[in-house]
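**Student:** 3D model of this:
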Amino acid sequence: MSRKTSSESRKTTFKIFILQLLWIGFFIILILGGLSDLILFYDIKRMVLNVFIILSGIISLLAEAYCFKFYSYILFIYTPIGRGLFMAILSCLNLNENLYSLIISSILFLNSLIYLLISVIFGGINKPLFNNSLKHELNLRAQAIFY
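**Tutor:** Below is the predicted model of the structure:
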């Protein structure tokens, strides 16, 4: 068995850091955008959508921290293409009539495209932060490959 050199380990750590930064940053911006849209622009039609966006952001941030059993129903969160497309869909759902929403949604959509490209190029996603026991695949019978 070959051991990883320190430069390979550093590259892997940098890849994981970039992916985590993009994922966590995306959902923090999404949650804050949903909250501000909910507070500043009161619209009963958008209220349900904003609550959905906020809850999706919270569930996705929790998915980055720990792998709960109920995530077996949403396994796309643990695949590179699934995560990227999920981010793109949520950024489009965040789009509204005002300029503030247009700017936030554009930033989020660009972030989702960058995440999608980087995760596909790297060939996987990072393990949840507090699941050190996971070796190379998810314990939910998923076929997700972790670094």
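**Student:** switch to C-alpha atoms for all contacts and neighbour counts from now on
**Tutor:** Noted.
**Student:** list the contacts for the residue nearest the centre of the chain?
**Tutor:** Central residue of the chain (Cα atoms, centre = their mean): Trp23, 3.9 Å from the mean position. If you count contacts by Cα atoms under 8 Å, 6 or more residues apart in numbering, Trp23 has them with Tyr115.
**Student:** just checking, next helix/strand downstream of the helix or strand where it lies?
**Tutor:** Applying DSSP states H and E as the criterion places Trp23 in helix 6-40. The helix or strand immediately downstream of helix 6-40 is helix 44-65, counting by DSSP H and E.
**Student:** using PDB, write out every CA atom in that next one.
**Tutor:** This file holds the C-alpha atoms of helix 44-65, laid out as PDB (Å, rounded to 0.1, in the frame of the first residue of the first chain):
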ATOM      1  CA  ILE A  44     -47.800  36.100   1.100                       C
ATOM      2  CA  LYS A  45     -47.000  34.200  -2.100                       C
ATOM      3  CA  ARG A  46     -43.300  34.300  -1.500                       C
ATOM      4  CA  MET A  47     -43.500  33.500   2.200                       C
ATOM      5  CA  VAL A  48     -44.000  29.800   1.700                       C
ATOM      6  CA  LEU A  49     -41.100  29.700  -0.800                       C
ATOM      7  CA  ASN A  50     -38.800  31.600   1.500                       C
ATOM      8  CA  VAL A  51     -39.600  29.300   4.400                       C
ATOM      9  CA  PHE A  52     -38.800  26.300   2.100                       C
ATOM     10  CA  ILE A  53     -35.500  28.000   1.100                       C
ATOM     11  CA  ILE A  54     -34.500  28.700   4.700                       C
ATOM     12  CA  LEU A  55     -35.300  25.100   5.800                       C
ATOM     13  CA  SER A  56     -33.500  23.700   2.800                       C
ATOM     14  CA  GLY A  57     -30.400  25.800   3.700                       C
ATOM     15  CA  ILE A  58     -30.500  24.600   7.300                       C
ATOM     16  CA  ILE A  59     -30.900  20.900   6.300                       C
ATOM     17  CA  SER A  60     -28.000  21.300   3.800                       C
ATOM     18  CA  LEU A  61     -25.800  22.900   6.400                       C
ATOM     19  CA  LEU A  62     -26.500  20.000   8.800                       C
ATOM     20  CA  ALA A  63     -25.700  17.600   6.000                       C
ATOM     21  CA  GLU A  64     -22.200  19.100   5.900                       C
ATOM     22  CA  ALA A  65     -21.800  18.600   9.600                       C
END
